[in-house]
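A.B. asks: 3D, please:
(chains A and B)
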2 protein chains.
Amino acid sequence: MSLNYPAPIQRLIVQLKSLPGVGPRSAERMALWLLSAGRERGGLLADALRAIETEVVMCEDCGFYNEAGQACLLCSNDKRQRHIVCVVEQAADVLRLERSRAYQGQYHVLGGKLSPLDNVTPEDLRMDSLERRVAELPASEVILALGSDVEGEATANYIADLVRPLGVAVTKLAQGMPAGGGLDHVDELTLHHALQGRRAMS
Amino acid sequence: MSLNYPAPIQRLIVQLKSLPGVGPRSAERMALWLLSAGRERGGLLADALRAIETEVVMCEDCGFYNEAGQACLLCSNDKRQRHIVCVVEQAADVLRLERSRAYQGQYHVLGGKLSPLDNVTPEDLRMDSLERRVAELPASEVILALGSDVEGEATANYIADLVRPLGVAVTKLAQGMPAGGGLDHVDELTLHHALQGRRAMS
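C.D. replies: Residues are numbered from 1 along each chain as shown, chains lettered A, B, ... in the order given. Okay, here's the model as predicted:
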């Protein structure tokens, strides 16, 4: 049997490796760093992990996260428009849209996108609560702010079929040239979308 | 004030961001993954972090890690040669050398390398214990298995000056072509070293 790290270090490496984007070598480097950086570093991270278990709750309406015991910052904000719902894949997308300052309506975090290959079905996403909210608000428009990959498009089509019978308009984000880049920075499909969606100069 | 995650999530992101190789976006992705992957995932990681605080100790002789209360697997192994000490930067290097099966002597983990720019001085590394061990074993050879970058070379020179007065031979790893690659896969400096260190065919 060849030499290996003591069992507690091996267990830590396994746990770190389970994080998204962390491979075996990164996990090993993180574990050794935590060992050498002083024991309080690992303790701080452990405390922060424990805190999200008890102090963070997901809003049952929009799916964004809030501190336990507090009203949802999004749903309970009276200044936000209540007739538009913007559907996003994950909580981080809400912050990205908020930073754009281009949207003042309600959000709905799906928690992912439909992906048959990864066994993600409509039951795994927050589809039921979306249908319920659109009817209860009631919303007159549902904006689909999903990724433009195959899974994102499939999820958008599924939702459009789901909420159209409720009598709402269903829209999706415009596709085209990203800000600040020339033609040399975009792929052919983006150019295709940008040409198809061309607009008259004002 | 723009919308942000609840404070406990922000604190977790800060802690994750402090890990080596983890930027703000990776930390955010990890935190959201931990929130959505079920609360027990974060708990397992927190437990593993807590365990290394109490269950792992560093060997005061070689600097490798052991389970608390157990003799060092390296220093207490009677089958290992006691007259050679191999100096490495970090604990992971010990495992790499062990996997090569080319070495059966003692190890000494420095815990880093000299780096004036990062304020790493000899006092921050395990230099005193190296000097003491070389005298106590006693060792007849010190092998410097350090990186071939500027800091590694400087550290090697410092150690050579430190232990030569004790009457030991000081060697360093050979530099040359890595296994399994052609001339097109190595840089000019490596080729330079490989030519200078050329050996007669046997």
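A.B. asks: tell me which residues in the longest helix seen in chain A are buried?
C.D. replies: Ordering each helix of chain A by length in residues (DSSP state H) puts helix A:39-55 first. Within helix A:39-55, the residues that count as buried by 16 or more other C-beta atoms under 10 Å in any protein chain shown are A:41-53, A:55. Where you see a C-beta, it was placed from the backbone N, CA and C, and this is true even at glycine.
A.B. asks: could I get those residues as CSV with distance to A:Met201?
C.D. replies: Formatted as CSV, the buried residues of helix A:39-55 follow (distance: C-beta to C-beta, whole Å):
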residue, distance to A:Met201
A:Arg41, 56
A:Gly42, 58
A:Gly43, 60
A:Leu44, 55
A:Leu45, 53
A:Ala46, 57
A:Asp47, 56
A:Ala48, 51
A:Leu49, 53
A:Arg50, 56
A:Ala51, 53
A:Ile52, 49
A:Glu53, 54
A:Glu55, 52
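A.B. asks: Identify the farthest-apart pair in those.
C.D. replies: Within those, two members stand farthest from each other by C-beta to C-beta: A:Arg41 and A:Glu55, at 20.8 Å.
A.B. asks: among the buried residues of helix A:39-55, which are within reach of chain B?
C.D. replies: By C-beta under 8 Å from any C-beta of the partner chain, the members of those lying near chain B are A:41-53, A:55.
A.B. asks: Format those as CSV; extra columns: distance to A:His83 and pLDDT.
C.D. replies: Shown next, in CSV, are these (distance: C-beta to C-beta, whole Å; pLDDT from 0 to 100):
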residue, distance to A:His83, pLDDT
A:Arg41, 48, 83
A:Gly42, 48, 87
A:Gly43, 48, 88
A:Leu44, 44, 89
A:Leu45, 43, 90
A:Ala46, 44, 90
A:Asp47, 42, 90
A:Ala48, 38, 90
A:Leu49, 39, 89
A:Arg50, 40, 89
A:Ala51, 36, 89
A:Ile52, 33, 87
A:Glu53, 36, 85
A:Glu55, 33, 90
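A.B. asks: For the longest helix of chain A, give me every contacting residue.
C.D. replies: If you take C-beta atoms under 8 Å, 6 or more residues apart in numbering or on different chains as the criterion, helix A:39-55 is touched by A:34-35, A:67-68, B:6-9, B:11-12, B:14-16, B:18-19, B:31, B:34-35, B:39, B:42-43, B:45-47, B:49-50, B:52-53.
A.B. asks: And the helices in chain A?
C.D. replies: Under the criterion DSSP H, chain A contains helices at A:7-17, A:24-36, A:39-55, A:91-100, A:127-136, A:150-163, A:188-196.
A.B. asks: Lowest mean pLDDT across those helices, which one is that?
C.D. replies: Here these differ in mean pLDDT, and the lowest is helix A:188-196 at a mean of 79.
A.B. asks: Can you spell out the domain ranges of chain A, please?
C.D. replies: As assigned by automatic domain parsing, chain A contains the domains A:7-54, A:79-200.
A.B. asks: And the first one, end to end?
C.D. replies: Separation of the first and last residues of domain A:7-54 by C-alpha to C-alpha, to the nearest Å is 29 Å.
A.B. asks: if we look at stretch A:89-99, which residues are touching it?
C.D. replies: A:63-65, A:74, A:86, A:88, A:103, A:107, A:109-113, A:145-147, A:152, A:155, B:2-5, B:28-29, B:32, B:35-36.
A.B. asks: Out of those, which sit inside strands?
C.D. replies: A:Tyr65, A:Cys86, A:Val88, A:Tyr107, A:Val109 (DSSP state E).
A.B. asks: Tell me which two of the residues you listed sit farthest apart.
C.D. replies: A:Tyr65 and A:Cys86 (16.7 Å).
A.B. asks: Just to check, A:Glu60 is in contact with A:Arg132?
C.D. replies: No - A:Glu60 sits out of contact with A:Arg132 when judged by C-beta atoms under 8 Å, with a separation of 10.2 Å.
A.B. asks: Could you pull up the residues touching A:Val14?
C.D. replies: A:Ala27, B:Ala48.
A.B. asks: Quick check: phi and psi at the most centrally placed residue in chain A.
C.D. replies: The geometric centre of chain A, computed from its C-alpha atoms, lies nearest to A:Gln90 (C-alpha atoms, centre = their mean), at 1.4 Å. Phi and psi for A:Gln90, reported as degrees, to the nearest 10, are phi -140, psi 170.
A.B. asks: re earlier: the domains of chain A: which one's closest to B:Leu183?
C.D. replies: Across the domains of chain A, closest to B:Leu183 is domain A:7-54 (C-beta to C-beta), at 26.9 Å.
A.B. asks: Report how many residues lie close to A:Glu188.
C.D. replies: Using other C-beta atoms under 10 Å in any protein chain shown, A:Glu188 has 7 neighbouring residues.
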